[in-house]
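A.B. asks: sequence and predicted structure below; questions after.
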Amino acid sequence: MAATCIFLPATPNFSHSSRRRTSAAAFAIRSSLTGQSQSPAAAAKRNLLTLIAGQERGLKTQSNPQALSQIIDAIDSLAAAGRGSVTTDESLSDTWRLLWTTEKEQLFIIKNAQIFGTAAGDVLQVIDVEKKTLNNVITFPPDGVFFVRSDIQVASAQRVNFQFTSAVLRGKGWEFPLPPFGQGWFETVYIDDEIRVVKDIRKDYLVVERAPYSWKE
């Protein structure tokens with residue numbers, strides 16, 4: 001996730017997609033149980049998903065340098081498999097749900113949401129390439145959300161530039177706007193029908209899956 005966001009209570013609006021999607025975690029389990037030979041990309045993907053499983057979206061990785069090194073190596077292997085591919089076309093448009101990240105701000109919020117009497121729910125990136133928009137979202141079930149709006153511009157086959165335009169902290173029956181606060185870029189080094197892997201301007205990493213719903217403001 002190239003864009004960083006900070007989140008608190010609001011009411012998320014979820015519209016379920018009619019498209020059937022397979023969970024990335026299920027892919028890792030299913031792949032490990034099948035004895036079939038796999039392509040380098042499929043093998044690298046399985047290895048990555050296996051390594052991040054149980055890492056609590058990156059919280060456990062913060063105190064485990066060995067696990068972090070292994071995960072980054074796995075990301076590099078998957079990036080090599082995806083080298084030369086176009087990842088900034090319409091396939092980038094979706095609601096993406098966080099599986100794992102190194103972004104300290106997001107992990108801090110996930111870890112400390114109880115301070116605000118809640119717990120962090122899904123952490124999302126909502127991208128629309130055609131409309132040139134990106135929303136970074138953290139939900140706080142049942143009624144909370146904080147999201148940061150951004151404009152995006154495709155810069156190359158794998159890089160997208162972004163600029164924050166506004167932020168909103170929204171609760172049940174109330175809303176508090178916040179000023180925009182940054183810009184940068186991210187590169188999607190791998191994408192398929194299930195997951196997406198990202199490196200960004202701050203040398204952070206992000207692994208997300210296609211969510212089983214579409215998030216709307």
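C.D. replies: Structure's in. What do you need? The structure presented is a predicted model; accordingly, all values stated were derived computationally and were not measured.
A.B. asks: can you pull the buried residues of the longest helix seen in the chain?
C.D. replies: In the chain, taking DSSP state H as the definition, the longest helix is helix 65-81. Using 16 or more other C-beta atoms under 10 Å as the test for burial, helix 65-81 gives 67-68, 70-72, 74-79, 81. Heads up, the C-betas are built off the backbone N, CA and C, glycines and all.
A.B. asks: so residue 127: helix, strand or coil?
C.D. replies: Here residue 127 is strand, with the state taken from DSSP: H, G, I helix; E, B strand; the rest coil.
A.B. asks: would you agree it is in contact with residue 93?
C.D. replies: Yes - counting by C-beta atoms under 8 Å, residue 127 touches residue 93, with 5.5 Å between them.
A.B. asks: what residue ranges in this protein score low on pLDDT?
C.D. replies: Scanning the chain with the threshold set as pLDDT under 70 gives 1-37.
A.B. asks: biggest strand in it by residues?
C.D. replies: For the chain, the longest strand by residue count, based on DSSP state E, is strand 159-171.
A.B. asks: that one: partners in the sheet, and parallel or antiparallel?
C.D. replies: According to DSSP bridges, strand 159-171 forms sheet pairs with strand 144-154 (antiparallel), strand 174-178 (antiparallel), strand 183-191 (antiparallel).
A.B. asks: let's have these in JSON lines, adding mean neighbour count.
C.D. replies: Below are those laid out as JSON lines (neighbours: other C-beta atoms under 10 Å):
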{"stretch": "strand 144-154", "mean neighbour count": "21"}
{"stretch": "strand 174-178", "mean neighbour count": "11"}
{"stretch": "strand 183-191", "mean neighbour count": "21"}
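A.B. asks: okay, residue 127 and residue 93: which has more neighbours?
C.D. replies: residue 127 (23 against 14; other C-beta atoms under 10 Å).
A.B. asks: separation between the more buried one and residue 157?
C.D. replies: Distance of residue 127 to residue 157, computed by C-beta to C-beta, to the nearest Å: 16 Å.
A.B. asks: got it, and residue 70?
C.D. replies: 28 Å.
A.B. asks: same thing with residue 197?
C.D. replies: Distance, residue 197 to residue 157, using C-beta to C-beta: 15 Å.
A.B. asks: neighbour count: these two, which is higher?
C.D. replies: residue 197 (26 against 13).
A.B. asks: can you tell me the helix or strand for that one?
C.D. replies: Element membership for residue 197 (DSSP states H and E) is strand 195-200.
A.B. asks: now find how far off-centre that strand is within its chain.
C.D. replies: On the basis of C-alpha atoms, centre = their mean, to the nearest Å, strand 195-200 sits 7 Å off its chain's mean C-alpha point.
A.B. asks: how far out from the middle of the chain is stretch 170-181?
C.D. replies: Taking C-alpha atoms, centre = their mean, one finds stretch 170-181 lying 22 Å from the centre of the chain it belongs to.
A.B. asks: actually, stretch 142-159.
C.D. replies: Centroid separation between stretch 142-159 and its chain, computed with C-alpha atoms, centre = their mean, is 10 Å.
A.B. asks: fine by me, we can end here.
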